[in-house]
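Enquirer: sharing a model prediction with you, sequence too.
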Amino acid sequence: NAGVTQTPKFQVLKTGQSMTLQCAQDMNHEYMSWYRQDPGMGLRLIHYSVGAGITDQGEVPNGYNVSRSTTEDFPLRLLSAAPSQTSVYFCASSYSTISASGEKLFFGSGTQLSVL
Amino acid sequence: GQQVMQIPQYQHVQEGEDFTTYCNSSTTLSNIQWYKQRPGGHPVFLIQLVKSGEVKKQKRLTFQFGEAKKNSSLHITATQTTDVGTYFCAGPERDDKIIFGKGTRLHILP
């Protein structure tokens, strides 16, 4: 199993450009999420999905879109990139929604995005 | 919404000294998780605590969940260079949102 795979690992965009960060998992996980990590800010939740066809907003959703057409894939779209979106992006998944049942998040290796 | 606060933000210790990071939530948590992120890496799950007052140990790491289920701590005994990284606590806001603290970055001085 590859686990959680993110592509690309690095990306440089110009302000106003659009792009899609890819995330795929091969563990049959129902729950997938996107976080951004900025210095001193920890991990902030952008969007998440509890299953195919279902998405919801996290703490910092503005400027990002997601879709979940399959269980395996959860792409993150930047429609018009801004310098404030310069960050490291992590995709994470778990078998089911987080509850008292002991589900843990598996993270991808991250995408480092710079918007000039 | 729920806030998860973590202190300190940074900690420098001499190798062999102990280290503790604290996590506090504005609301009662059903459970709390701890993750470790090595420099340049991605967060990796360490442990989950569920019960009030729960204490769990993993070798030199001791995790505690407060009686009110609003705070938690991670204590490392006799730190080693392999302990370098950022330690995050995370708690669920409802069942399907995991909110992370800002993390504590641990530096080990040789």
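Expert: Arrived safely, thanks for sending. In this text, all values refer to a predicted model and were calculated from it rather than measured experimentally. Numbering: from 1, shown residues only, chains lettered A, B, ... in the order given.

Enquirer: which parts of chain A sit against chain B?
Expert: Residues of chain A found near chain B, taking CB under 8 Å from any CB of the partner chain as the criterion, are A:31, A:33, A:35, A:40-45, A:48, A:50, A:56, A:58-59, A:90, A:92, A:97-100, A:102, A:104-110. For every residue, glycine as well, the C-beta is placed using N, CA and C.

Enquirer: go through these and flag which are in strands.
Expert: Mapping those onto strands (DSSP state E) picks out A:31, A:33, A:35, A:42-45, A:48, A:50, A:56, A:90, A:92, A:106-107.

Enquirer: follow-up on the earlier one: what about burial for the residues of chain A next to chain B, which qualify?
Expert: Taking 16 or more other CB atoms under 10 Å in any protein chain shown as the criterion, what is buried in those is A:31, A:33, A:35, A:42-45, A:48, A:50, A:58-59, A:90, A:92, A:97-98, A:104-108, A:110.

Enquirer: contacting residues around residue B:100?
Expert: Applying CB atoms under 8 Å, 6 or more residues apart in numbering or on different chains, we find residue B:100 in contact with A:35, A:42-45, B:4, B:35, B:88-90.

Enquirer: and what of residue B:35?
Expert: A:105, B:43-46, B:87-90, B:100.

Enquirer: which strand or helix spans it?
Expert: strand B:32-37 (DSSP states H and E).

Enquirer: what lines up beside that strand in the sheet?
Expert: Applying DSSP bridges, strand B:32-37 is found paired with strand B:44-49 (antiparallel), strand B:85-93 (antiparallel).

Enquirer: could you give the separation of the longest one from the chain centroid?
Expert: For strand B:85-93, the distance between its averaged C-alpha position and the chain's averaged C-alpha position is 6 Å (CA atoms, centre = their mean, to the nearest Å).

Enquirer: nearest to chain A: which residue in chain B?
Expert: Going by CB to the nearest CB, chain A is nearest to residue B:102 of chain B, at 3.6 Å.

Enquirer: list the contacts of the closest residue to that residue other than its chain neighbours.
Expert: Once flanking residues are discounted, residue B:102 sits nearest to residue A:42: 3.6 Å by CB to CB, 6 or more residues apart in numbering or on different chains. Applying CB under 8 Å, 6+ apart to residue A:42 gives the contacts B:6, B:88, B:100-103.

Enquirer: pLDDT score for residue A:42?
Expert: pLDDT, residue A:42: 90.

Enquirer: returning to what we had before: with pLDDT, secondary structure and distance to residue B:57 as extra columns, can I get the contacts of residue A:42 in JSON lines?
Expert: Formatted as JSON lines, these follow (pLDDT from 0 to 100; DSSP: H, G, I helix; E, B strand; the rest coil; distance: CB to CB, whole Å):
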{"residue": "B:6", "pLDDT": "96", "secondary structure": "strand", "distance to residue B:57": "21"}
{"residue": "B:88", "pLDDT": "97", "secondary structure": "strand", "distance to residue B:57": "19"}
{"residue": "B:100", "pLDDT": "93", "secondary structure": "strand", "distance to residue B:57": "23"}
{"residue": "B:101", "pLDDT": "93", "secondary structure": "coil", "distance to residue B:57": "21"}
{"residue": "B:102", "pLDDT": "94", "secondary structure": "coil", "distance to residue B:57": "25"}
{"residue": "B:103", "pLDDT": "96", "secondary structure": "coil", "distance to residue B:57": "22"}
